[in-house]
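> fold the following for me, if possible:
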Amino acid sequence: MTYNTKHFATAVNCIDGRVQLPVIEYLKSNYDVDYVDMITETGPIKIITENVDSSKIERIKRLIDLSIVKHGSKHVAVVGHHDCAGNSVEKETQIEQIEASIHILKQVYEEVEFIGIWVDETFQPHKVYPLKTSVMGL
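Residues are numbered from 1 along each chain as shown. Sure, this is the predicted structure:
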């Protein structure tokens, strides 16, 4: 059964419980969605970019498929966060991993909008992809 009377987004997020609600609230308030399908792994942006564990990557893709097909999700957020136990690298590296993960997933999911989110030490989400560039800065 498809529940398409409500709007869904999908988040590829860490299992860390501290970042679940901030990401859900951010997506609901900024993308006019009612629900967020949460796909969790330990350090998913590391898993996707390092491409070492194909079974975890395939699981993530299977769940994205389900969210898009069954719930009509039009937005997929890829999330990294401060103090990640599964991906203990600097913020800048995580932001690069978020971007790289999105580029990898976009090859499969061309029909959805991707959003990169980094959650800081106060658990505030920040959009890191796509960033609008100033016309003056070109």
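> which parts of the protein are strands?
Remark: strands assigned in the chain by DSSP state E are 8-14, 35-41, 75-81, 113-119, 125-129.
> mean pLDDT for those - can I get that in CSV?
Shown next, in CSV, are the strands of the chain (pLDDT from 0 to 100):
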stretch, mean pLDDT
strand 8-14, 98
strand 35-41, 98
strand 75-81, 98
strand 113-119, 98
strand 125-129, 98
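> columns distance to residue 94 and mean neighbour count on top of those, output as TSV?
Bear in mind the C-beta positions are built from the backbone N, C-alpha and C, glycine included. What follows is the strands of the chain, written out as TSV (distance: least, C-beta to C-beta, whole Å; neighbours: other C-beta atoms under 10 Å):
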stretch	distance to residue 94	mean neighbour count
strand 8-14	10	26
strand 35-41	14	20
strand 75-81	4	26
strand 113-119	6	22
strand 125-129	9	17
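> okay, those in JSON lines with distance to residue 21 next?
Formatted as JSON lines, the strands of the chain follow (distance: least, C-beta to C-beta, whole Å):
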{"stretch": "strand 8-14", "distance to residue 21": "11"}
{"stretch": "strand 35-41", "distance to residue 21": "10"}
{"stretch": "strand 75-81", "distance to residue 21": "12"}
{"stretch": "strand 113-119", "distance to residue 21": "10"}
{"stretch": "strand 125-129", "distance to residue 21": "10"}
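> tell me which of those strands lies nearest to residue 59.
For the strands of the chain, the distance to residue 59 is smallest for strand 35-41, at 7.9 Å, taking C-beta to C-beta.
> and that closest one, how far from the chain's centre?
Strand 35-41 has its C-alpha centroid displaced from the chain centroid by 9 Å (C-alpha atoms, centre = their mean, to the nearest Å).
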